[in-house]
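A.B. asks: sequence below, structure please.
(chains A, B, C and D)
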Number of protein chains: 2
Amino acid sequence: MTKAAARLELPVPPRARRSHAERTTETRAKIIAAVVDSIAAIGFQRTTAQEIARRAGVTWGAVQHHFGGKDELLIAVLEESFNRFAERLDDVSLEGSDLATRAALFVDRAWAHFRSHHYRSSFEILLNHLGRAAEPADADWRTRMARAWDRVWTRIFADSPLPRQQSLALQHFTISALSGLASTSMLGGTRAATPKRQLELLKRTLARELRTAR
Amino acid sequence: MTKAAARLELPVPPRARRSHAERTTETRAKIIAAVVDSIAAIGFQRTTAQEIARRAGVTWGAVQHHFGGKDELLIAVLEESFNRFAERLDDVSLEGSDLATRAALFVDRAWAHFRSHHYRSSFEILLNHLGRAAEPADADWRTRMARAWDRVWTRIFADSPLPRQQSLALQHFTISALSGLASTSMLGGTRAATPKRQLELLKRTLARELRTAR
DNA sequence: CCATTTACATATTGCCTACAAGGCAAATTG
DNA sequence: CAATTTGCCTTGTAGGCAATATGTAAATGG
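C.D. replies: Now for the predicted structure:
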């Protein structure tokens, strides 16, 4: 038990002996979750090494052991968030519904990601930490996200007559609207309500544009 | 001449004696511009006191003299950006055009703000520095921006049959789409192209929604 | 069973940051 | 003209931060 846990006076149930692999998996997950929650709660800048260690219930030495340093940890958080994003979108079967219904469900599913802590932490990590360095990893992230989005979009809206160029613009528009709604919520704090009318408008716009060729 | 200017080896033309008021105005403007440009170029986190002083061509002592400290300076930058935003929107006369034309011109004018360095710096200041403290100033900023936007919107689209509640939702949707496009550009760096198709889509959506009552 | 490896904690270090205090030159004011 | 005020520079300081080095306990493997 760490001193941190002791200080919190949480009853820590006696645990059976655990393998290194078990401990590694659990600790890494705790550390990554700590970063995501910390950025969402107090912002990237205040998410210091000590704060991450505190929230994860370990010391920074443990974080270093697992990740090497803060940069590598943040990259691991991006990876985890991307995987959740891709899985969330991939795990959708909308075949058989009409276009408007599929557009609505797609927007709902996508919004679930954009309003999540994982999106916020990814956004702030990219904006504050990686986005300026013009690192290859940065471009890679955008490409990977765009490809994951396009893959799902193409599958769900395969019957749309929209030409490719306009489909890409519509995808980008949808991402922008959702991320704009998310950043409004970010600046507004957790008290911001779900923007239902705006999401309905986005769904109607999508449905209309998807069935219109021009 | 500061050492910084001397190092840049810029020819500094001999100046007539200047009043304190002139110097104050010029120096404050230089410092605010330095913050805006620095955040846009290298991000909020790297925009240190020393970096601001360097870009402004003064020392931090001068910044302290004029603004008191970094917090006060950032608030002054927000104020300046807000004034430019409000002036930019107010300085629009669209009467006489049909709804679609006005929607298009409004979106163009608003986009000019959202893609500006002033918007980026305001966004990052609010996100990184003020947005977390749950300060009264933060809520004040959102309220002021929303009111300025609504004032212009109501004037330009006075003939729209849209009920108030839906007009507010449409305004928020428009802001979200524009800020989403802006944040996509932020993450993409200055090389990001103007999202022409997306802006056209926003204009069409606006025009349609504005003339539809439901 | 023991040597080795791994997971993690602790103490220390070096650097960066914003800020405060004092001083000088120029402008202002009575 | 002299006292005062203002604009700005220089220097020093305190605190925060990530990273490093070292040590201990637990798990592993031969």
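A.B. asks: thought A:Ala103 was touching A:Arg208?
C.D. replies: No: counting by CB atoms under 8 Å, no contact exists between A:Ala103 and A:Arg208, whose distance comes to 9.0 Å. The C-beta positions use only the backbone N, C-alpha and C, and glycine is treated the same way.
A.B. asks: between those two, which one's more packed in?
C.D. replies: Neighbour count, other CB atoms under 10 Å in any protein chain shown: between A:Ala103 and A:Arg208, A:Ala103 has more, with 26 against 15.
A.B. asks: against DNA strand D, how distant is that one?
C.D. replies: Per CB to the nearest atom of the strand, to the nearest Å, A:Ala103 is found 42 Å from DNA strand D.
A.B. asks: check contacts around that residue.
C.D. replies: Residues in contact with A:Ala103, defined by CB atoms under 8 Å, 6 or more residues apart in numbering or on different chains, are A:Phe157, A:Lys203, A:Leu206, A:Ala207, A:Leu210.
A.B. asks: redo that, cut-off 10 Å
C.D. replies: For A:Ala103, the contacting residues are A:94, A:97, A:156-157, A:160, A:174, A:202-211, by CB atoms under 10 Å, 6 or more residues apart in numbering or on different chains.
A.B. asks: and what of A:Ala62?
C.D. replies: A:Thr2, A:Arg23, A:Thr27, A:Arg28, A:Lys30, A:Ile31, A:Ala53, A:Ala56.
A.B. asks: any of these buried? List them.
C.D. replies: A:Thr27, A:Arg28, A:Ile31, A:Ala53, A:Ala56 (16 or more other CB atoms under 10 Å in any protein chain shown).
A.B. asks: any weak-confidence spans in chain A?
C.D. replies: A:1-16, A:130-139, A:188-192, A:213-214 (pLDDT under 70).
A.B. asks: one more time with 50
C.D. replies: A:1-14 (pLDDT under 50).
A.B. asks: per the record, what domains does it have?
C.D. replies: If you go by automatic domain parsing, the domain ranges for chain A are A:1-68, A:69-214.
A.B. asks: out of those domains, deepest packed?
C.D. replies: Of these, the one with the most neighbours on average (mean count of other CB atoms under 10 Å in any protein chain shown) is domain A:69-214, at a mean of 17.
A.B. asks: is there proximity between that domain and DNA strand C?
C.D. replies: No: using CB under 7 Å from any atom of the strand, domain A:69-214 never reaches DNA strand C; the gap is at least 12.2 Å.
A.B. asks: how far out from the middle of the chain is that domain?
C.D. replies: Distance of domain A:69-214 from its chain centroid, counting by CA atoms, centre = their mean, to the nearest Å, is 9 Å.
A.B. asks: which of the buried ones among the contacts of A:Ala62 sits closest to DNA strand D?
C.D. replies: Using CB to the nearest atom of the strand, A:Ala53 is the member of the buried ones among the contacts of A:Ala62 that lies nearest DNA strand D, at 8.7 Å.
A.B. asks: tell me if I'm right that A:His66 and A:Ile31 touch.
C.D. replies: Yes: the criterion here is CB atoms under 10 Å, and A:His66 meets it with A:Ile31 at 6.6 Å.
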